[in-house]
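Colleague: Fold the following, please.
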Amino acid sequence: MAAMADPSNSTAKHSEKQAVEAVIRANYNAFTTRITDDNAEYAANGVTIWDVFEPELIIGIEARKAFQRRDIDQSVARGALTFDVTIQLITLHGNIAISRHHVDFNYEPPNPVSGHVRVTQVLQKFGGQWKIIHTQEGMVPTGVPEIEQ
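Modeller: Got it, this is the predicted structure:
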């Protein structure tokens, strides 16, 4: 006989996934309003980031703050920003959560650019609060490059 699913467990998991998604969305929304996360509200002290535009791994909260300031400066210089975050999948592994999502962004003139980025974020629960511990970004490929014969 198959075991019955525990509905309270399912509800708890759904609630945790919603909390993870809320942190992810708040982190992106802070960027669009040009606010840096100086109080580490969304990221853990040892956070690491592979940013889509930065060549080096960003390690730690102080490096993240400096990166955020650079990123906001370039964003302001580009023009108005709109973006959409589409969560593909969030999985829970105890006090660790992994989110896979897409970010479609569009900068208006004077320096327009747009892109479709896939993002994997790992979050950890500290004292009841989810915080980002790693972000991995990459432009979505457009397909396999042609092979010249």
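Colleague: can we go C-alpha only for contacts and neighbour counts from here?
Modeller: Will do.
Colleague: for Glu62, helix, strand, or coil?
Modeller: Following DSSP: H, G, I helix; E, B strand; the rest coil, we place Glu62 in the helix state.
Colleague: and the gap between it and Thr86?
Modeller: 28 Å (Cα to Cα, to the nearest Å).
Colleague: What of Lys125?
Modeller: 22 Å.
Colleague: Also Thr32?
Modeller: 16 Å.
Colleague: Can you name every helix or strand that the lowest-mean-pLDDT helix or strand in the chain contacts?
Modeller: The helix or strand of the chain with the lowest confidence, counting by mean pLDDT, DSSP states H and E, is helix 7-32 at a mean of 88. Based on contacts counted as 3 or more Cα pairs under 8 Å, 6 or more residues apart in numbering; DSSP states H and E, the elements that helix 7-32 packs against are strand 79-93, strand 129-139.
Colleague: tell me the angle that helix makes with strand 129-139.
Modeller: 60 degrees (axes from the mean of the first three to the mean of the last three Cα atoms, to 10 degrees).
Colleague: Quick check: what element follows helix 7-32 along the chain?
Modeller: Of the helices and strands lying after helix 7-32 in sequence (DSSP states H and E), the nearest is strand 43-50.
Colleague: okay, that next one in PDB with CA atoms only?
Modeller: Taking C-alpha atoms only, strand 43-50 is exported to PDB below (Å, rounded to 0.1, in the frame of the first residue of the first chain):
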ATOM      1  CA  ALA A  43      23.000  37.700   0.400                       C
ATOM      2  CA  ALA A  44      25.100  35.800   2.900                       C
ATOM      3  CA  ASN A  45      28.600  37.000   4.000                       C
ATOM      4  CA  GLY A  46      30.400  34.400   1.900                       C
ATOM      5  CA  VAL A  47      28.300  35.000  -1.200                       C
ATOM      6  CA  THR A  48      29.900  34.200  -4.600                       C
ATOM      7  CA  ILE A  49      28.800  35.500  -8.000                       C
ATOM      8  CA  TRP A  50      29.600  34.600 -11.600                       C
END
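Colleague: Please consider this matter closed, and thank you.
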